[in-house]
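> build me a model:
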Amino acid sequence: MNSARKALRVMLGGDKIIVAPGAHNSISARIIEKVGFKALYATGYGASASQLGEPDVGLMTMTEMVGHMNNLVEAVTIPVIADADTGYGNVINTIRTVHQFEKAGVAAIQLEDQVMPKKCGHMLGREIVAMDEMVGKIEACVEARRDDDLVIIARTDARTRYGIEEAIRRGQAYAEAGADVIFIESPESIEEMKLISRSIPKPTLANVVERGRTPQLPAAELEKIGYKIAIFPITGVLAETKTLFHIFERLMETGSTNSILDYLYDFEGFNLLMGVEKVREIEKRYLTRPQ
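Okay, the predicted model is just below:
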């Protein structure tokens, strides 16, 4: 039994919203768990940016993402909600993607109806596949998962180009196909967000992208509207980027980090965050032998 999947299922059945910040690497994943969040979102944009130094335009391969998911799952005990883009191909590819992500230990897998190569959900220029094609993918993935606790999240990117009515029509069809959670990407008003929650018969997910296309509401307000999950996918990577620019510019200017120590986590604390005590305990237990 996968305890993280079971925990996510229990939370989905509860009355509180699930707030899942985006983890772009294992350090951010550990921090998310350390400060007390009960789930994290394995952001696709964060992965592409941190691993490849590239934008979220479908460049990460399935095998690269599976390796990334393995590392995140190993780093924490809380549920990992995995961004799997389009499933990396047609329905056959998507079934394999579900199997590989499931084997990596994720608690949920998010699939979207964009045409490959996909783009970030708050970028323009996105195109979508036929609704029937995505419905078939969802039905196949629901049947293909080996653990019924694995949560299938279906995302539609129809809103930006085709309007909120088409996005809701697709969300309803994806719910009927068996998706556990519906993710209608980038609604453009609070009224649209309320309409989504009223119209979809499954738990819904809100994507909070700072300065993106959707109103930036706090989790408590999203919960009142009716959302069950709120992801903050790039908050961490944006914060890291701004902080690194600041400290490296100061280092370039002064040749020293003495003036920016307040921006730096202390070294011993970082060692503890990374689990050095566990390593020491293993060494003490297995490597130390009486002379």
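> and for the residue nearest to Arg169 when sequence neighbours are not counted, the neighbour number?
In space, Arg169 comes closest to Met131 once its chain neighbours are excluded; the distance is 7.7 Å by C-beta to C-beta, 6 or more residues apart in numbering. (Each C-beta comes from the backbone N, C-alpha and C, glycine too.) Here the number of neighbours of Met131 (other C-beta atoms under 10 Å) works out to 17.
> spit out the contact partners of Met131.
Residues in contact with Met131 (C-beta atoms under 8 Å, 6 or more residues apart in numbering) are 113, 169-170, 173.
> can you check Ser197 too?
Ser197 makes contacts with 204, 225-227, as judged by C-beta under 8 Å, 6+ apart.
> give me the subset of the residues you listed that lies in helices.
Counting by DSSP state H, those place Ile225 in helices.
> which two of the contacts of Ser197 have the greatest separation?
Thr204 and Ile225 (8.9 Å; C-beta to C-beta).
> output the lowest mean pLDDT helix or strand found in this protein.
Within the chain, no helix or strand scores below helix 276-286, which has a mean of 88 by mean pLDDT, DSSP states H and E.
> off-centre distance for it?
Taking the mean of its C-alpha atoms, helix 276-286 sits 32 Å from the chain's own mean (C-alpha atoms, centre = their mean, to the nearest Å).
> for that helix, list every residue counted as buried.
Using 16 or more other C-beta atoms under 10 Å as the burial criterion, none of the residues of helix 276-286 qualify.
> show the contacting residues for Tyr45.
Tyr45 neighbours (C-beta under 8 Å, 6+ apart): 55-56, 120, 233-234, 237.
> now it: how far from Asp83?
In this view, Tyr45 and Asp83 are 8 Å apart by C-beta to C-beta, to the nearest Å.
> so what's the residue nearest the centre of the chain bridging to?
In the chain, the centroid-proximal residue (C-alpha atoms, centre = their mean) is Tyr41; its distance is 2.7 Å. Tyr41 has these beta-bridge partners by DSSP bridges: Gly22, Ile81.
> before we move on, the earlier item: lowest pLDDT pick from the contacts of Met131?
Across the set of the contacts of Met131, Asp113 stands lowest in pLDDT, at 92.
> ok, that one to Tyr162 distance?
11 Å.
> and the two? which has more neighbours close in?
Asp113 (27 against 15).
> what residues are up against that one?
86, 128-129, 131, 133-134, 154-158, 170, 174.
> any stretches of the stretch 51-200 of the chain with poor pLDDT?
Across the stretch 51-200 of the chain, the ranges flagged by pLDDT under 70 are 117-125.
> all helices for it, in order.
Using DSSP state H, counting those that start in this stretch, the helices of the stretch 51-200 of the chain run over 62-75, 91-104, 131-144, 159-162, 164-176, 190-199.
> and Lys284, which of those helices is closest to it?
When the helices of the stretch 51-200 of the chain are compared by C-beta to C-beta, helix 62-75 sits nearest Lys284, at 22.1 Å.
> so which elements touch that closest one?
When contacts are defined as 3 or more C-beta pairs under 8 Å, 6 or more residues apart in numbering; DSSP states H and E, helix 62-75 sits against helix 26-34, strand 40-42, helix 44-47, strand 80-83, helix 91-104.
> distance of Arg159 from Glu223?
In terms of C-beta to C-beta, Arg159 sits 21 Å off from Glu223.
> who has more neighbours out of these two?
Neighbours were counted for Arg159 and for Glu223 using other C-beta under 10 Å; Arg159 has more, 26 against 18.
> can I assume that one is in contact with Pro187?
Yes: between Arg159 and Pro187 there is a contact under C-beta atoms under 8 Å: 5.9 Å.
> overlap in contacts, those two.
Contact criterion C-beta under 8 Å, 6+ apart; residues shared by Arg159 and Pro187: Ala167.
> and Thr257, how far from Ile200?
50 Å.
> residue contacts, Pro233?
22, 41, 43-46, 83, 207-209.
> could you find the closest non-adjacent residue to Glu223?
Nearest non-adjacent residue to Glu223, counting by C-beta to C-beta, 6+ apart: Ile17, 3.9 Å away.
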